[in-house]
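>>> all I have is the shape, not the residue letters:
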Ligand SMILES: Nc1nc2c(ncn2[C@@H]2O[C@H](COP(=O)(O)OP(=O)(O)OP(=O)(O)O)[C@@H](O)[C@H]2O)c(=O)[nH]1
Ligand SMILES: [Mg+2]
């Protein structure tokens, strides 16, 4: 795909196909948001909606009704980013683009995001990084073979839940072992309970139907996972073309990072797929996602004798009892502890007072909901 330079206004963007926008996920709500964001109307400078495909410093490639358009940040965007780094136009954003008489294009506003995948910077001082926005479904991608990393799946599933999108687990490389279905069921049950699980063999087109259905609804699917798990291979299989370069066939090298930019691709029948570079470190912004991913531990904790049980050596601990009975893997409690600690640290760091209070309210609400659900079940 070639992007028109900022100076090339060969196609009047505002006159072109509305279907292109709708295939990208543009709907009445976005249309409304676009008009809300249109504060100035210049007769010689038409504005139009576009979706951000990829960004680099101070500029981005977008897809509009007329096709690809490259635009630089307008003054309002520069000002917004100065006060909130997360406001930077990001892959997946719907933006208002202004076409200027000299052929340049600028991004004048980022339309309010419906969802956002944001990772906290581990050990860093910045406020985090937006990985993808306006995502409907986050696919956490992990290789089923040779050694799926369950802790990594849990961490990414929490990130996916926090984004506001619908998480699902995609286990790739189903062809490299004999017990793929069994292994996937075991992994899914443990770390992605309640979420759909796909087992894929990308080059054979196997296991892709459910993901294709997601795209057929003109939804946006984001692929998150470590380097080498097969995200770009999956993207190419879904798109039916070599949209992104992948690691050499059969390569099992880790950390090669073949994909280096976050990029949105329009699927042939509509819908969009966002491919991302392999994630090395993923910090969690808050504890909301963890409550979803570790619902089993939170559920067991309701039966602990002490309401502030740390599930360590306290008498009457239902979590330790479940471990002793072989019902809960010890690894999972360790993972939960680690991520809870991290989320709590992050909460203090980002905004000591506000984030901690939010976390407490959320935890209490989750606990109350579970208690209510449980007492409902016991009454029945
Ligand atoms: N056998 C087998 N190999 C696969 C499958 N999916 C991906 N691969 C291989 O896994 C390797 C890594 O695939 P990529 O798609 O480049 O991985 P990625 O997740 O995009 O990696 P980064 O871009 O570095 O983040 C390649 O050699 C692929 O051919 C699969 O279903 N089966
Ligand atoms: Mg890749």
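Everything's here; your move. Nothing here was measured: the structure is a model prediction, and the numbers come from that model. Ligands and ions are numbered 1, 2, ... in the order given.
>>> show the pLDDT at the residue of the stretch 101-250 of the chain found nearest ligand 2.
The stretch 101-250 of the chain approaches ligand 2 most closely through residue 232 (3.2 Å), counting by Cβ to the ion. Yep, even glycine has a C-beta here, placed from its N, CA and C like the rest. Listed pLDDT for residue 232 reads 95.
>>> where does it sit: helix, strand or coil?
Here residue 232 is helix, with the state taken from DSSP: H, G, I helix; E, B strand; the rest coil.
>>> pLDDT averaged over stretch 156-169 - what is it?
Stretch 156-169 comes out at a mean pLDDT of 96.
>>> and the gap between the closest residue to residue 130 other than its chain neighbours and ligand 2?
Nearest non-adjacent residue to residue 130, counting by Cβ to Cβ, 6 or more residues apart in numbering: residue 90, 4.1 Å away. Distance of residue 90 to ligand 2, given as Cβ to the ion, to the nearest Å: 18 Å.
>>> per-residue confidence at residue 90?
Reading off the model, residue 90 has pLDDT 98.
>>> ok, residues contacting stretch 360-367?
With contact meaning Cβ atoms under 8 Å, 6 or more residues apart in numbering, stretch 360-367 is reached by 286, 287, 288, 291, 298, 302.
>>> now the buried members of those.
286, 287, 288, 291, 298 (16 or more other Cβ atoms under 10 Å).
>>> what about the strands in the protein?
Here the chain has its strands, by DSSP state E, at 47-56, 59-64, 67-73, 94-99, 105-110, 116-119, 129-133, 137-143, 166-172, 197-199, 220-224, 263-266, 272-275.
>>> could those strands be laid out in TSV, adding mean neighbour count and distance to ligand 1?
Output for the strands of the chain, formatted as TSV (neighbours: other Cβ atoms under 10 Å; distance: least, Cβ to the nearest ligand atom, whole Å):
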stretch	mean neighbour count	distance to ligand 1
strand 47-56	22	14
strand 59-64	24	19
strand 67-73	20	22
strand 94-99	24	26
strand 105-110	24	26
strand 116-119	23	15
strand 129-133	24	12
strand 137-143	26	7
strand 166-172	24	5
strand 197-199	20	9
strand 220-224	28	8
strand 263-266	22	11
strand 272-275	26	7
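>>> identify the residues contacting the residue of the stretch 251-380 of the chain found nearest ligand 2.
Residue nearest to ligand 2 within the stretch 251-380 of the chain (Cβ to the ion): residue 259, separated by 3.0 Å. Under the criterion of Cβ under 8 Å, 6+ apart, the neighbours of residue 259 are 227, 231, 232, 244, 245, 275, 276, 277, 278.
>>> so for stretch 135-144, mean pLDDT?
Rounded mean pLDDT across stretch 135-144 is 98.
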